[in-house]
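*Asks:* My questions are about this predicted structure, shown below with the sequence.
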Amino acid sequence: MEKWPQTPKKEKAEEKRLPPLPNVDEVKQVVTRFSPNPDCVLHLGSARAILLSHEYARVYNGKFVLRFEDTDPKVKRPSLEFYDYIRQDLAWLDCKVDEEYIQSDRIPIYYEYAKRLIGDGNAYVCTCVPDEFREKTVNKEPCPCRDLSPQEHLERWQQMLDGGYPEGSAVVRVKTDLNHPNPAVRDWPALRVIDSAKYPHPRVGSKYRVWPLYNMAAGVDDHLLGITYIIRGKEHLTNGVRQEYLYRHLGWEYPQAIHYGRLKITGAFLSKSKIVEGVKSGEFAGWDDPRLATFAALRKRGITAEAIKKMIVDVGPKPADVTLSWENLYSYNRKILDPQCDRYFFVADPVKLTVKNVPKAFDVKLPLHPEKPEGGVREYTVTPTGEEAAVSVWIAKTDAANMEGGKVVRLMELFNVKIEAASDAAVQAVFVSESYEDVRKVRAQLIHWIPVGEEFPCSVVMSDASSVAGFAEGACKKLKPDAVVQFERFGFVRIDAAAEKLEAYYAHK
RNA sequence: GCUCCGGUAGUAUAGUCCGGCCAAGUAUAGUGGCCUCUCGAGUCACGGACCCGGGUUCGAAUCCCGGCCGGAGCACCA
C-alpha cells in the first residue's frame, strides 16, 4: 500500500464509470438479472434496472439473466406480444442476455419449495379474510391458522392445489417475526389461488390454480439461478427484508441488493397503466408514439441506445430519485449523432423565392458533413431562365417570414440576394453577389434552400406527435429507413420510410 | 397512522463510509465572446448549490442531535 500516493490531477474528460460493486471478492461470479412483468413494453423507467444490471455483469465478466415475472394472470396480466418486445428492446439496448427464464414455466418449482416450507412449519395456509388477518398482525398477534400443525397445513396445501379453495379463500404465508417493527413484513403472502378458468394465463392457460406472489417467485429464483447482485428500485426495500425470512427458512444466503431511486423524465409519463390505456384507446399512435418514453418510441425518433446507456451510467445507482430532463438525454444523443450524421436541407412549409438577374448557371457542391470534406457532397445546378434570368428555390416559411425589402441574405453555398418583396406566399429577390466573404462581415443571415424541381416531399413527425410538412432536397431520395440525418437548421431526424415521399421522426435540435 | 429511504446550482452528478488538498469538481441548461457558409458542433469566459437549526472539533457538505421537505412500502401487484 502506498502511503503517500502521488495523486495526479483529475483528468477532465475522463469517462465516468460505475462505482465498484461491494464485496465482489465474496462471489465466484457476478450474476445480475432483469426481471420484468411482460404486461407492457419497456420504457425509460426501466433503464436503470436494465443497464445497471447488464453493465455490472459485463464489467465483472459475469452473467446477465433475463427473467420474465409473469405470475399474475389476473391483476397485472401478461400479454404474449410483450415477451418479444422486451427481448427486442434489450437487444436494441445492446444488453446481451446470457440466460432467459420464464416464471410461468417454473410453477412446479415454487410448489416444491412451498411444500417444504409448510412441512417445516415455516409457512402456513391461511384462510382468514384479509381484514381479520391484518387486524391481528397489526397487533402482533397470530391469526387462528398460524399455529395449526404442519400436517394440517400440508393437507390444506394439497386442497389448495386440488381446487378445494375458491379464489381468495386461502393463501400461503411465510412465517416471519410477528414482532417485526414493520407491520408490512409480518407473515407475508407467498402463494394465492386464482380462478384459472376465468383468468387463463396467456402462456400456460388454465393449468395452474395456485400462483406464487412476487416475493416467493423472485426469492426462490434469485437463489436457484445463482443471482449474486439484485439491482432494483428502492420500492423493493421491504421486499428484501421479507425475503430474508424465506432465505433463512430455506438455509440460503440472500444475495447482495442495490436499491436505486426512481427515475423520471420531465413531462413524460412512465406509468405502464397509462401507456397501455392510451395505446388501447387510440390516444397514442402505438407503443412507439413519440410522446411516450418507451424504448420503441425513442428508437423511432433516432435516440441512440448508446446515449441512453451513457446517461444511465452517469446517473449511477444511488438511491436518490432523479428527474432527468429531455435536454439532458438530447445532449448525450447529440454528442453521438453530430459527428456521424450527414447533413441535408429540409424546407418546412415551403415558400417560393425567385431571384432575378442571376448572371450564370451555378454548380453547387454541398458537403454531406461540414467537418468531413472527404465525406462526399450533394450536387445541384441552378440555371437562370427567362428574360429576367430568374432562379426559383424553396425556402422555409419561417425564413420567409423574416424577410423584408432591402434585406440581404445568403443562400448557403450559393449566392447572396437582396429581398425586394416578401409575403407568406412568395418572395422576390435580386442577385447581389456570389462571394460568401461579401456578406460574412455584415453577418447576413444564411438560409437553406432547395432548387424548384429538386424537391422531395417529406413530413416530419415532431416529438409532440404533430407533423411538419415540407420538401427535402432531392439527394434525400437515396436515404434508407433507419438513417439518422441532420436537417440543417432544423434538427436531427430519423428516416422512418422513404418511398414516394420521405417520412421522418424528429429527434432534437 | 406505522416502517423505511433520501435531500449538493434549473437538471443530473463528484465529494459523505475514513472531517482538513472543497472559499465545493464535472456535465447539461443559461448568458456573453471567439470560431464556423447550420439558429448545429467546437472553443473561451461569466453567473449559479452543500434543506434548516443546534452540537462536537483548531477545522464539518462530510460526525452527533433535533426539525423541515421529498419519495417508497404497509396488495391474495410486480
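*Replies:* Thanks, I have the structure now. Numbering: from 1, shown residues only, chains lettered A, B, ... in the order given.
*Asks:* from here on, contacts and neighbour counts on C-alpha atoms
*Replies:* OK.
*Asks:* mind listing the helices for the stretch 251-400 of chain A?
*Replies:* Counting by DSSP state H, counting those that start in this stretch, the stretch 251-400 of chain A has helices at residues A:272-281, A:295-300, A:305-315, A:326-340, A:397-400.
*Asks:* nearest to A:R116, of those?
*Replies:* helix A:272-281 (35.7 Å; C-alpha to C-alpha).
*Asks:* what about that closest one, average pLDDT?
*Replies:* The average pLDDT for helix A:272-281 rounds to 92.
*Asks:* Next, the buried residues of that helix.
*Replies:* For helix A:272-281, burial by neighbour count (16 or more other C-alpha atoms under 10 Å) applies to A:272, A:275-276, A:278-279.
*Asks:* residues in contact with it?
*Replies:* Contacts with helix A:272-281, where a contact means C-alpha atoms under 8 Å, 6 or more residues apart in numbering, come from A:40, A:269, A:284-287, A:292.
*Asks:* of all these, which comes closest to RNA strand B?
*Replies:* A:C40 (10.8 Å; C-alpha to the nearest atom of the strand).
*Asks:* Looking at the buried residues of helix A:272-281, which one is closest to RNA strand B?
*Replies:* A:K272 (10.5 Å).
*Asks:* can you list the weak-confidence ranges in the stretch 201-350 of chain A?
*Replies:* Along the stretch 201-350 of chain A, no part satisfies pLDDT under 70.
*Asks:* So which residues on it come close to RNA strand B?
*Replies:* Within the stretch 201-350 of chain A, the positions near RNA strand B by C-alpha under 7 Å from any atom of the strand are A:212-215, A:234-239, A:262, A:314-316, A:318-325, A:327-328, A:331-332, A:334-335, A:338-339, A:343.
*Asks:* and if we set it to 6 Å?
*Replies:* Proximity of the stretch 201-350 of chain A to RNA strand B, by C-alpha under 6 Å from any atom of the strand, involves residues A:213-214, A:234-236, A:238, A:314-316, A:319-320, A:322-325, A:327-328, A:331, A:338.
*Asks:* Ignoring the adjacent residues along the chain, who's closest to A:A425?
*Replies:* In space, and not counting its chain neighbours, A:A425 is closest to A:V351: 6.0 Å by C-alpha to C-alpha, 6 or more residues apart in numbering.
*Asks:* helix, strand or coil for whichever residue of the stretch 51-200 of chain A sits closest to RNA strand B?
*Replies:* The minimum distance from the stretch 51-200 of chain A to RNA strand B, using C-alpha to the nearest atom of the strand, falls at A:G168 (3.2 Å). Put simply, A:G168 is coil when judged by DSSP: H, G, I helix; E, B strand; the rest coil.
*Asks:* burial of it, as a residue count?
*Replies:* Applying other C-alpha atoms under 10 Å, we find 14 residues neighbouring A:G168.
*Asks:* need the contact list for it.
*Replies:* A:192-194.
*Asks:* do A:C143 as well
*Replies:* By C-alpha under 8 Å, 6+ apart, the neighbours of A:C143 are A:128, A:133, A:136-137.
*Asks:* Generate JSON lines for those residues, with pLDDT, distance to RNA strand B and secondary structure as supplementary columns.
*Replies:* Converted to JSON lines, the contacts of A:C143 look like this (pLDDT from 0 to 100; distance: C-alpha to the nearest atom of the strand, whole Å; DSSP: H, G, I helix; E, B strand; the rest coil):
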{"residue": "A:C128", "pLDDT": "93", "distance to RNA strand B": "6", "secondary structure": "coil"}
{"residue": "A:F133", "pLDDT": "91", "distance to RNA strand B": "8", "secondary structure": "helix"}
{"residue": "A:K136", "pLDDT": "89", "distance to RNA strand B": "12", "secondary structure": "helix"}
{"residue": "A:T137", "pLDDT": "88", "distance to RNA strand B": "9", "secondary structure": "helix"}
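*Asks:* Distance to A:D162 and neighbour count added to these, as JSON lines?
*Replies:* Formatted as JSON lines, the contacts of A:C143 follow (distance: C-alpha to C-alpha, whole Å; neighbours: other C-alpha atoms under 10 Å):
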{"residue": "A:C128", "distance to A:D162": "19", "neighbour count": "16"}
{"residue": "A:F133", "distance to A:D162": "24", "neighbour count": "18"}
{"residue": "A:K136", "distance to A:D162": "29", "neighbour count": "14"}
{"residue": "A:T137", "distance to A:D162": "29", "neighbour count": "19"}
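*Asks:* out of these, which one sits closest to A:A425?
*Replies:* Among the contacts of A:C143, and counting by C-alpha to C-alpha, the member closest to A:A425 is A:F133, at 74.9 Å.
*Asks:* Stretch A:183-195 near RNA strand B at all?
*Replies:* Yes. Counting by C-alpha under 6 Å from any atom of the strand, RNA strand B is contacted by stretch A:183-195 at A:183-184, A:189, A:192-193.
*Asks:* what's the burial count for A:S423?
*Replies:* Using other C-alpha under 10 Å, A:S423 has 14 other residues around it.
*Asks:* try A:D464
*Replies:* A:D464 has 11 nearby residues by other C-alpha under 10 Å.
*Asks:* State the distance from it to A:A297.
*Replies:* As judged by C-alpha to C-alpha, to the nearest Å, A:D464 and A:A297 stand 12 Å apart.
*Asks:* what residues are shared contacts of these two?
*Replies:* Shared contacts of A:D464 and A:A297 (C-alpha under 8 Å, 6+ apart): A:290-291.
*Asks:* Centroid-wise, who is the farthest residue in chain A?
*Replies:* Relative to the centre of chain A, the most outlying C-alpha is that of A:E387, 57.9 Å out, by C-alpha atoms, centre = their mean.
*Asks:* Need the mean per-residue confidence for the helix or strand harbouring A:Y124.
*Replies:* A:Y124 is part of strand A:123-126, with elements assigned from DSSP states H and E. The average pLDDT within strand A:123-126 is 96.
*Asks:* Show me which residues of the stretch 51-200 of chain A are close to RNA strand B?
*Replies:* Counting by C-alpha under 6 Å from any atom of the strand, the stretch 51-200 of chain A sits next to RNA strand B at A:69-72, A:75-76, A:128-130, A:167-171, A:181-184, A:189, A:192-193.
*Asks:* and what of the stretch 351-500 of chain A?
*Replies:* Residues of the stretch 351-500 of chain A that fall close to RNA strand B, judged by C-alpha under 6 Å from any atom of the strand: A:370, A:399, A:412-414, A:436, A:446, A:488-489.
*Asks:* give the contact list for A:F431.
*Replies:* A:355-358, A:415-418.
*Asks:* a strand runs through it, doesn't it?
*Replies:* Yes. Using three-state DSSP, the assignment for A:F431 is a strand.
*Asks:* In the sheet, which residues pair with it? Tell me.
*Replies:* A:F431 has these beta-bridge partners by DSSP bridges: A:V417.
*Asks:* Just the pLDDT for it.
*Replies:* pLDDT, A:F431: 96.
*Asks:* That one and A:I419, how far apart?
*Replies:* Distance from A:F431 to A:I419, counting by C-alpha to C-alpha: 9 Å.
*Asks:* Surely A:P200 and A:R209 touch.
*Replies:* No. Applying C-alpha atoms under 8 Å, one finds A:P200 not in contact with A:R209, separated by 9.4 Å.
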